[in-house]
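Enquirer: sharing a model that was predicted from the sequence below.
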Amino acid sequence: MSNLVNLEKVSKSFGIRILLDEVSLGVGEGERIGVVGRNGDGKTTLLNLMTGREEPDTGRVSRSRGLYLGYLDQRDLLDDTHTVREVVLGGKADHEWAADATTREVVEVLLDGISLDRVVHGLSGGERRRCSLAKLLLEPDDLLILDEPTNHLDVEAIAWLANHLKRRASALVVVTHDRWFLDEVCEQTWEVHDGVIDLYEGGYAAFVLAKNERMRQASASEQRRQNLMRKELAWLRRGAPARTSKPKFRIDAANELIADEPPPRDRLALERFATQRLGKDVVDLEDVDLVRGERTLLRHATWRLGPGDRVGIVGVNGAGKTSVLSLVSGILEPTKGKVKRGRTVAMEHLTQNVTPEDPMARVLTEIEDIRRITRTASGQELTASSMLERFGFTGDRLTARLGDLSGGERRRFQLLKLLLSEPNVLLLDEPTNDLDIETLAVLEDFLDGWPGTLIVVSHDRYFLERVTDSVWALMGDGTIGMLPGGVDQYLEMRQKGGAGFETGRAGLPQPPVVEEVAQQPSRNPGNAKAKVGGADERAARKTIARVEKQIARLLARETVLNAEIAAVADDYVAMGRLAEELSAAQAERDGLELEWLEASALLE
């Protein structure tokens, strides 16, 4: 199989930083390749070299003759003076483009809610991005190169895009932080790091497994190297009289071992800061209406959030997800009804806006103004510079101006400022935007052990399913309801035209039958068994999976609390507070274990 694009010993630098160092690889016909790596490691530079937007410092990039290459980059190249119809459809009338099934499908999904006769100049950034993607997908390219194609798409559109790309015969190279998308679409994965590109077979899951195996082997090799180096150094340090007679090859071998020390990679660790105690009342929405302009986002909605709840919110673009977070945080007031917040709630809201308030402010100075010394949950004291280092700000980035930070760096800085206030309720609005996969994995690990209440709005399906225990949907008709089947159930409901919520009193979607059975196990116990393969069985299995995750998290929390109690044996005030928190965690676990037993009984 011939390659469409070849890179032969290609090197590329910016200033003194080497992004690619004598890289050789190629893209074959029909191959679907995902590109991953940390922000700033050269992913976009690689795409620009492949497309001819940039030239290599050394080496050669070749493309097959007559190659049709389509490139979606992160810049907006649309003509502001043209209409959407002109830039996407070449000015075709409705009866012309609607006759083609593929064109009709692309327009219906990506341009939903955008008038074809609108001028490009008046479109939002997300709408312009969707127009650029639609234009590209309607062209008959042999090779598609996509840089973050899932940005500004909702969960439903991302699922459609994945299926569309799998049906196409063209080759594909895609840079994205959306790990579900990588796993669904790609057959190979390239990791860009430290000037080299490592190749792996399979999508994201296969990449993670293969990379961990390589790391295990490298760790074993490094251990053997360390052992050998210790032997050689011990030999070199033997008495001075014998040193001059030592064979030169032994000295050379020891010097090579020392020189072979691998360079350390930047650390990024989100510290678990001390979290304020959270009472049993968190946030209650009671018979709430929320109207924005002419649109009713919520109608007679009642929604209760308790301590430790981990909730994901999905919905089409414009359904009101960000507005609901603003309602919970107090930025917006309900049109009707009440929003009650507990007295112990310490809430922080991570918004989508990463524009710094003062672009000229320095990173370290800004953090020191908030807090010079911070105590972590383990009792360790950290200086402002140490905290920034653990968030990936090292070297000259400590004193960089906020206006000079990249989107990912601004997001990390925003998250650090938010955590320094020690919140016990976190609202995250599209937290994965601008973050690379490595940073996302660290953020997920942090949230695993974070004990507060979490509400997440995200189009990143992998992240959503990874950090939340329940998924709620805004269907665009004023209702909000829990989906036991998660994102899969949401997509099924959307395919059926949004049907699926049975609205009862106060506009609150009724919970699934399995939960009613679980709450009242004494009523008709002989009929409480779920039908095999039915909705009740699926809901019960989902409940079991959710509860097991919550129980595991509580057990881990109890272990930490027991260790903290042992460490403060002489401080009776602290011991009493920790003991109260431990008792609450055990009580919550007891309730979850009962819920697990009741759900399990439905499957017996």
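Expert: That came through fine.

Enquirer: need the strands for the stretch 301-450 of the chain, in chain order.
Expert: Taking DSSP state E, counting those that start in this stretch to define them, one finds strands in the stretch 301-450 of the chain at 310-315, 336-341, 347-350, 373-375, 381-383, 425-429.

Enquirer: got the CA positions of the first one in PDB?
Expert: So that's strand 310-315. This file holds the C-alpha atoms of strand 310-315, laid out as PDB (Å, rounded to 0.1, in the frame of the first residue of the first chain):
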ATOM      1  CA  ARG A 310     -21.200  13.600  41.100                       C
ATOM      2  CA  VAL A 311     -23.400  14.700  38.300                       C
ATOM      3  CA  GLY A 312     -22.800  15.100  34.600                       C
ATOM      4  CA  ILE A 313     -25.200  17.300  32.400                       C
ATOM      5  CA  VAL A 314     -25.700  16.700  28.700                       C
ATOM      6  CA  GLY A 315     -27.800  18.300  26.100                       C
END
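
Enquirer: run through who's touching it.
Expert: 154-155, 305, 321, 324-325, 453-458, 464-465, 467-476, 480, 483, 487, 490, 550 (C-beta atoms under 8 Å, 6 or more residues apart in numbering). All C-beta atoms are positioned from the backbone trio N, CA, C, and that covers glycine.

Enquirer: what pairs with it, parallel or antiparallel?
Expert: Looking at strand 310-315 with DSSP bridges, its partner strands are strand 453-457 (parallel), strand 470-474 (parallel).

Enquirer: mind putting those in TSV, mean neighbour count, distance to residue 49 and mean pLDDT included?
Expert: What follows is the strands paired with strand 310-315, written out as TSV (neighbours: other C-beta atoms under 10 Å; distance: least, C-beta to C-beta, whole Å; pLDDT from 0 to 100):
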stretch	mean neighbour count	distance to residue 49	mean pLDDT
strand 453-457	23	35	93
strand 470-474	23	40	91
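
Enquirer: and residue 381, which of these is closest to it?
Expert: For these, the distance to residue 381 is smallest for strand 453-457, at 26.2 Å, taking C-beta to C-beta.

Enquirer: show me what the very next helix or strand once past that closest one is packed up against.
Expert: Remark: after strand 453-457, the chain's next helix or strand is helix 461-467, criterion DSSP states H and E. Helices and strands touching helix 461-467, as assessed by 3 or more C-beta pairs under 8 Å, 6 or more residues apart in numbering; DSSP states H and E, comprise helix 179-185, strand 310-315, helix 437-448, strand 453-457, helix 486-495.

Enquirer: 6 Å instead?
Expert: helix 179-185, helix 437-448 (3 or more C-beta pairs under 6 Å, 6 or more residues apart in numbering; DSSP states H and E).

Enquirer: pull the residues that contact it.
Expert: Contact partners of helix 461-467, identified using C-beta atoms under 6 Å, 6 or more residues apart in numbering, comprise 155, 179, 180, 312, 432, 444, 447, 458, 487.

Enquirer: where among the strands of the stretch 301-450 of the chain is average confidence lowest?
Expert: Of all the strands of the stretch 301-450 of the chain, the minimum mean pLDDT falls on strand 373-375 (a mean of 77).

Enquirer: each with direction, which strands does that one pair with?
Expert: The strands that strand 373-375 pairs with in its sheet are strand 381-383 (antiparallel) (by DSSP bridges).

Enquirer: show me how the chain divides into domains.
Expert: The domain map for the chain lists 3-207, 211-259, 283-355+402-510, 538-603, with the assignment taken from automatic domain parsing.

Enquirer: so where's the stretch 401-550 of the chain shaky on pLDDT?
Expert: 498-536, 538 (pLDDT under 70).

Enquirer: mind running it again at 80?
Expert: For the stretch 401-550 of the chain, the stretches with pLDDT under 80 are 406-408, 449-450, 476, 496-543, 545.

Enquirer: then the stretch 151-300 of the chain?
Expert: 212-279.

Enquirer: which residues in it form strands?
Expert: 171-175, 188-193, 196-201, 283-292, 295-305.

Enquirer: point out the most buried one among the ones you listed.
Expert: Mean neighbour count (mean count of other C-beta atoms under 10 Å) peaks for strand 171-175 among the strands of the stretch 151-300 of the chain, with a mean of 24.

Enquirer: counting neighbours, what do you get for residue 587?
Expert: Using other C-beta atoms under 10 Å, residue 587 is surrounded by 11 other residues.

Enquirer: the one helix or strand it maps to: which residues count as buried?
Expert: Under the criterion of DSSP H and E, residue 587 resides in helix 572-603. Judged by neighbour count using 16 or more other C-beta atoms under 10 Å, the buried positions of helix 572-603 are 575, 578, 581-582, 584-585, 588-589, 592, 595-596, 598-599, 601-602.

Enquirer: for stretch 331-343, same thing?
Expert: Across stretch 331-343, burial judged by 16+ other C-beta under 10 Å covers 332, 334, 337, 339, 341, 342.

Enquirer: nearest residue to the fifth one other than its sequence neighbours?
Expert: Think residue 341. Spatial nearest neighbour of residue 341, excluding adjacent residues (C-beta to C-beta, 6 or more residues apart in numbering): residue 283 at 5.4 Å.

Enquirer: what residues are up against the one you found?
Expert: The contact partners of residue 283, by C-beta under 6 Å, 6+ apart, come to 305, 328, 341.

Enquirer: specify the beta-bridge partners of the first one.
Expert: Going back to what we said before, that points to residue 305. Under the criterion used here (DSSP bridges), residue 305 is bridged to residue 283.

Enquirer: now the helices for the stretch 151-300 of the chain?
Expert: Assigned by DSSP state H, counting those that start in this stretch, the stretch 151-300 of the chain shows helices spanning 155-167, 179-185, 204-236, 240-243, 248-259.

Enquirer: buried sites along stretch 97-111?
Expert: Across stretch 97-111, burial judged by 16+ other C-beta under 10 Å covers 97, 103, 106, 107, 109, 110, 111.

Enquirer: the residues you listed in helices, which ones?
Expert: 97, 103, 106, 107, 109, 110 (DSSP state H).

Enquirer: is it true that the first one touches residue 91?
Expert: No: look at residue 97 against residue 91 with C-beta atoms under 6 Å: they stay out of range, at 9.8 Å.

Enquirer: ok, now which ones touch the residue nearest to residue 423 when sequence neighbours are not counted?
Expert: Distance criterion C-beta to C-beta, 6+ apart; nearest residue to residue 423, sequence neighbours excluded, is residue 348 at 3.9 Å. Residue 348 makes contact with 418, 421, 423, 426, according to C-beta under 6 Å, 6+ apart.

Enquirer: can we see that at 8 Å?
Expert: Neighbouring residues of residue 348 by C-beta under 8 Å, 6+ apart: 418, 419, 421, 423, 425, 426, 427.

Enquirer: now the third one: phi and psi?
Expert: Phi and psi for residue 421, reported as degrees, to the nearest 10, are phi -80, psi 0.

Enquirer: count the residues that sit near it.
Expert: Neighbour number of residue 421 under other C-beta under 10 Å is 13.

Enquirer: likewise the last one?
Expert: By other C-beta under 10 Å, 26 other residues sit near residue 427.

Enquirer: any quick ChimeraX command for the buried ones out of the contacts of residue 348?
Expert: To isolate the buried subset of the contacts of residue 348 in ChimeraX, counting by 16+ other C-beta under 10 Å, use the following:
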select :418,419,423,425,426,427
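
Enquirer: looking at the contacts of residue 348, spot the one nearest residue 164.
Expert: Comparing those against residue 164 with C-beta to C-beta places residue 427 closest, at 32.7 Å.

Enquirer: how much space between that closest one and residue 352?
Expert: 12 Å (C-beta to C-beta, to the nearest Å).
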